[in-house]
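Visitor: Here you go, sequence then predicted model.
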Amino acid sequence: MIYKYIPMTSQAVAGHGLFVDGDAVAAAGSRTLEVVDPATGGVVGAIVRGGEPEVDLAVQSAYATFSGNAWRRMPAADRGRLLHAVAAAIREREEELALIEAADVGKPISQARLDVRAAARYFEYYGGMADKFEGTTIPVRWGALDLTIREPYGVSAQIVPWNFPLVMAARGIAPALAAGNTVVAKPAEDASLSLLRLAEIAGGAGLPAGAFNVVTGLGNEAGAALVRHPLVAHVTFTGSLATGTAIMKMAADGMKPVALELGGKSPNIVFADADLELAAGAVTRAIIVNAGQVCNACPRLIVERPIARAFAERIASNFARLRIGTPLDDPDLGPVNSRRQQEKIERAVGAAADDGIRVERYGALPTDPALRAGFYVRPAILSDVGPIHAAFHEEIFGPVLTVTPFDDGDEAVTLANATAYGLNAGIFTQSIDTALDLAQRIDAGQIYINGWGTGGSVEVPFGGFKKSGFGREKGVEGLHHYTQVKSITAHFR
């Protein structure tokens with residue numbers, strides 16, 4: 001089929017690039033950024049290239065809403081009801097949001113629909129938590145009673161990545177709002193449309209003006225201005241290690257707490273006694289979902305030596321059946337998000353080949369002339385990759401799987417921990433003793449045993465060790481992250 005861009009239905013998305021104080025607004029200047037369709041490589045629109053004036057407008061709106069009675073002092077149960085209303089509005093617009101997300105990011109439409117459902121679930125989950133977040137009492141001595149309460153920080157800056165913009169935004173915005181904060185979000189310049197539409201939907205569902213604002217633009221302009229703004233009290237960022245490091249330094253000048261999720265180079269460890277069919281399916285999914293552009297992907301396969309060749313052949317067989325196509329074709333792999341990302345992946349694969357690593361590519365690129373300039377990547381398997389190779393350490397963020405054999409559990413742990421990252425890891429074995437032993441020895445924030453991921457669960461805390469970042473999103477921990485503890489001591493006779 002000839003891929004055709006899906007026109008946005010929202011005037012706020014189509015005509016502007018800011019959502020501030022409950023409405024779509026024009027920018028102070030006329031600077032714009034192109035919106036590029038990953039499936040065709042064609043320019044299909046523009047968003048505002050915001051900077052300090054636009055950021056200040058949004059932050060002032062968020063701060064005014066936080067300081068007044070419209071949100072922070074709203075009864076928690078009422079905040080929860082509004083978040084449930086947002087969730088319901090998201091569900092009502094599932095297909096519209098999925099089409100926007102698929103077109104903007106490049107992911108298969110079925111994956112985009114799952115993202116929309118997950119976004120709604122975050123608002124439901126934290127809507128239900130809003131009035132159940134309680135403090136404690138502490139028995140200090142007779143004649144005094146100490147109690148703790150959790151209070152919001154104020155304006156929360158949310159800098160959202162391009163690979164899962166809708167889900168990542170909901171993951172941070174919903175708990176921030178539930179705790180009584182207000183939000184200014186800066187989506188990635190490569191994928192801003194679904195977040196603009198989400199803000200519009202949230203406003204239509206009854207969220208007070210100024211509670212949730214969006215400013216589009218470049219990271220080193222709008223993003224930096226947002227982090228540095230004196231009225232921003234808290235920063236959440238998901239993205240690259242280099243950018244996260246820069247954000248932490250900027251936030252330090254204002255003594256602002258930050259939560260950083262900075263990617264990973266995570267392993268799937270497969271023992272010879274594992275259910276190999278189950279493991280092969282999980283390993284394949286862990287590197288193919290969203291064309292491998294997933295922070296908790298497992299791009300390193302660490303497999304017990306006696307089965308290493310045969311198991312790699314199972315994965316190769318899976319890869320050979322993968323369909324590559326446009327989002328609306330609902331293939332196994334859509335295009336990657338940008339020309340920049342496509343070139344980065346191809347450079348990494350080429351460098352691996354130059355390093356003497358055996359590289360095998362799979363699948364066929366679309367043949368439609370209209371798609372020739374799209375950002376498609378054929379998945380790759382890199383064989384016998386060890387810690388001496390750059391491909392073992394460096395995050396490629398694409399459908400590229402490295403294969404490394406191991407001889408025993410100790411070596412598997414050593415290999416798993418032999419990177420600067422520590423986001424997640426998978427362990428496949430029928431021995432629960434082996435699985436739990438390795439789970440406690442691997443330096444990672446999430447461990448998956450005989451499976452990959454948590455099935456889209458919003459309840460399970462998520463975050464990294466080492467250079468994968470710190471702080472936790474999702475679950476009750478995610479709500480803690482958006483509050484600060486105050487201790488109040490009452491003296492009595």
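Guide: Yep, it's here. Numbering: from 1, shown residues only.
Visitor: longest helix anywhere in this structure?
Guide: The single longest helix within the chain, with elements called by DSSP state H, is helix 109-129.
Visitor: Contacts for the helix or strand that that one is followed by, please.
Guide: On the C-terminal side of helix 109-129, the closest following helix or strand by DSSP states H and E is strand 136-141. The contact list for strand 136-141 (Cβ atoms under 8 Å, 6 or more residues apart in numbering) reads Leu145, Asp146, Leu147, Thr148, Ser487, Thr489. Just so you know, the C-beta spots here come from the backbone N, C-alpha and C atoms, and that holds for glycine as well.
Visitor: host element of the first one?
Guide: Looking back up the chat, that one is Leu145. Going by DSSP H and E, Leu145 is part of strand 144-152.
Visitor: how near is the closest residue to Pro230 other than its chain neighbours to Ser156?
Guide: Excluding its sequence neighbours, the residue lying closest to Pro230 (Cβ to Cβ, 6 or more residues apart in numbering) is Gly254, at 6.7 Å. Here Gly254 is placed at a distance of 14 Å from Ser156 (Cβ to Cβ, to the nearest Å).
Visitor: Could you do Gln440 as well?
Guide: Counting by Cβ to Cβ, the gap from Gln440 to Ser156 is 34 Å.
Visitor: More neighbours: the two, which one.
Guide: Counted by other Cβ atoms under 10 Å, Gln440 and Ser156 do not tie: Ser156 has more neighbours, with 28 against 9.
Visitor: I'd like to know which elements the helix or strand that the more buried one is a member of is packed against.
Guide: Assigned by DSSP H and E, Ser156 falls within strand 155-160. Applying 3 or more Cβ pairs under 8 Å, 6 or more residues apart in numbering; DSSP states H and E, we find strand 155-160 packed against helix 52-67, helix 165-178, strand 182-187, helix 224-228, strand 232-238.
Visitor: 6 Å instead, please
Guide: helix 52-67, helix 165-178, strand 182-187, strand 232-238 (3 or more Cβ pairs under 6 Å, 6 or more residues apart in numbering; DSSP states H and E).
Visitor: For the residue nearest the centre of the chain, give its distance to Glu277.
Guide: For the chain, the residue sitting closest to the mean C-alpha position, by Cα atoms, centre = their mean, is Met168 at 4.3 Å. Distance, Met168 to Glu277, by Cβ to Cβ: 32 Å.
Visitor: Name all residues that make contact with Val227.
Guide: Val235, Ile247, Met250, Ala251 (Cβ atoms under 6 Å, 6 or more residues apart in numbering).
Visitor: One more: Leu382?
Guide: Ala352, Ile357, Val359, Ala391, Thr402.
Visitor: can you list the weak-confidence ranges in the stretch 201-350 of the chain?
Guide: Of all residues in the stretch 201-350 of the chain, none has pLDDT under 70.
Visitor: right, I mislabeled it, should have said the stretch 51-200 of the chain
Guide: Residues of the stretch 51-200 of the chain meeting the criterion pLDDT under 70: none.
Visitor: what's the spacing between Ile109 and Lys249?
Guide: From Ile109 to Lys249 the distance is 39 Å (Cβ to Cβ).
Visitor: hang on, the earlier thing: in helices, which of the contacts of Val227 fall?
Guide: Ile247, Met250, Ala251.
Visitor: Turn those residues into CSV, columns for distance to Met74.
Guide: Converted to CSV, the ones in helices among the contacts of Val227 look like this (distance: Cβ to Cβ, whole Å):
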residue, distance to Met74
Ile247, 30
Met250, 31
Ala251, 28
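Visitor: so which of those residues is the most crowded?
Guide: Ile247 (26 neighbours).
Visitor: Could you find the closest non-adjacent residue to that residue?
Guide: Phe237 (5.1 Å).
Visitor: Look up how far Met250 lies from the one you found.
Guide: Taking Cβ to Cβ, one finds Phe237 at 10 Å from Met250.
Visitor: Measure how far the longest helix of the chain is from the centre of its chain, please.
Guide: Offset of helix 109-129 from its chain centre (Cα atoms, centre = their mean, to the nearest Å): 13 Å.
Visitor: How about residues contacting that helix?
Guide: Contacts of helix 109-129 with the rest of the structure, by Cβ under 6 Å, 6+ apart, involve 80, 83-84, 86-87, 90-91, 94, 97-98, 101-102, 166-167, 170-171, 174-175, 178, 327-328, 330, 456, 458, 479.
Visitor: Mind listing what's buried along that helix?
Guide: Under the neighbour-count criterion of 16 or more other Cβ atoms under 10 Å, helix 109-129 has 109, 111-116, 118-127, 129 buried.
Visitor: Now do the strands in the stretch 351-493 of the chain.
Guide: Remark: strands assigned in the stretch 351-493 of the chain by DSSP state E, counting those that start in this stretch are 358-361, 380-383, 400-406, 421-422, 424-428, 446-449, 465-466, 469-470, 483-491.
Visitor: coming back round to it: identify the residues contacting the residue nearest to Ile247.
Guide: Counting by Cβ under 6 Å, 6+ apart, Phe237 has contacts Ile159, Gly244, Ile247, Leu260.
Visitor: Farthest pair within the contacts of Val227?
Guide: Farthest-apart pair in the contacts of Val227 is Val235 and Met250; separation 8.4 Å (Cβ to Cβ).
Visitor: what helix or strand does Ala259 sit in?
Guide: strand 258-261.
Visitor: After that strand, which helix or strand is next? Please name it.
Guide: strand 267-270.
Visitor: Can you tell me what sits against that following strand?
Guide: 279, 283, 298, 300-303, 412, 416, 425-428.
Visitor: again, but for stretch 289-296
Guide: Residues contacting stretch 289-296 (Cβ under 6 Å, 6+ apart): Lys107, Asn163, Gly263, Leu333, Val336, Phe397, Gly398, Pro399, Leu423, Asn424.
Visitor: just these now: which is nearest Val215?
Guide: Closest to Val215, out of all of the contacts of stretch 289-296 and judged by Cβ to Cβ, is Asn163, at 19.9 Å.
Visitor: That closest one in helix, strand or coil?
Guide: coil (DSSP: H, G, I helix; E, B strand; the rest coil).
Visitor: Let me see the contact set for it.
Guide: With Cβ under 6 Å, 6+ apart, Asn163 has these contacts: Gln293.
Visitor: Check the gap between it and Thr238 for me.
Guide: 9 Å.
Visitor: swap in Glu346?
Guide: Glu346 is 24 Å from Thr238, by Cβ to Cβ.
Visitor: That'll do, ta.
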